[in-house]
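>>> From the sequence below, what's the structure:
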Amino acid sequence: MVSSEWLAELIAWGYDGASFSVLNPQEFARSVLPQYFKHSNFQSFVLTLRTTRWVHHPNAPGPSSGNQAEGPWEFKHPFFKRDSPELLSQVKRKS
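Predicted structure coming up:
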């Protein structure tokens, strides 16, 4: 999803290829989430990420900022790296 050109205005790789940012959470929730999930709720998407050990990058806007609906929101996971799809099998729910 992050590498999809048609989503470039909504989601992008971090500069180091070890994170991704949702650039416009409201539009992402409206137009992208329903294609991959059974909802269009950005907060539910964030919760889903957290259950698989994704972390919100602390220097990016998001939960600690005044307006949670505005972006960008940056997320990291130790097994999420650009050009390393084989690592994704290590992304698992917290036990």
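>>> which element follows the lowest-mean-pLDDT helix or strand in the chain toward the C-terminus?
Using mean pLDDT, DSSP states H and E, strand 55-56 stands out as the lowest-scoring helix or strand of the chain, at a mean of 91. Downstream of strand 55-56, the first helix or strand assigned by DSSP states H and E is strand 73-76.
>>> quick one: that following strand to chain centroid distance?
6 Å (Cα atoms, centre = their mean, to the nearest Å).
>>> can you start the count at 150 instead of 1 from here on
Got it, first residue is 150 now, which makes that one strand 222-225.
>>> quick revisit: direction included, what does the least confident helix or strand of the chain pair up with?
Sheet pairing for strand 204-205, assigned by DSSP bridges, gives strand 222-225 (antiparallel).
>>> Send me the helix ranked longest in the chain as PDB with only the CA atoms.
Scanning the chain for the helix with the most residues, using DSSP state H, yields helix 191-200. Extracted in PDB, the C-alpha atoms of helix 191-200 (Å, rounded to 0.1, in the frame of the first residue of the first chain):
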ATOM      1  CA  PHE A 191      -8.800   6.100  11.500                       C
ATOM      2  CA  GLN A 192      -8.600   5.600  15.300                       C
ATOM      3  CA  SER A 193      -9.600   1.900  14.700                       C
ATOM      4  CA  PHE A 194      -6.800   1.700  12.200                       C
ATOM      5  CA  VAL A 195      -4.300   3.100  14.700                       C
ATOM      6  CA  LEU A 196      -5.500   0.600  17.300                       C
ATOM      7  CA  THR A 197      -5.100  -2.300  14.900                       C
ATOM      8  CA  LEU A 198      -1.500  -1.100  14.300                       C
ATOM      9  CA  ARG A 199      -0.800  -1.000  18.000                       C
ATOM     10  CA  THR A 200      -2.000  -4.600  18.500                       C
END
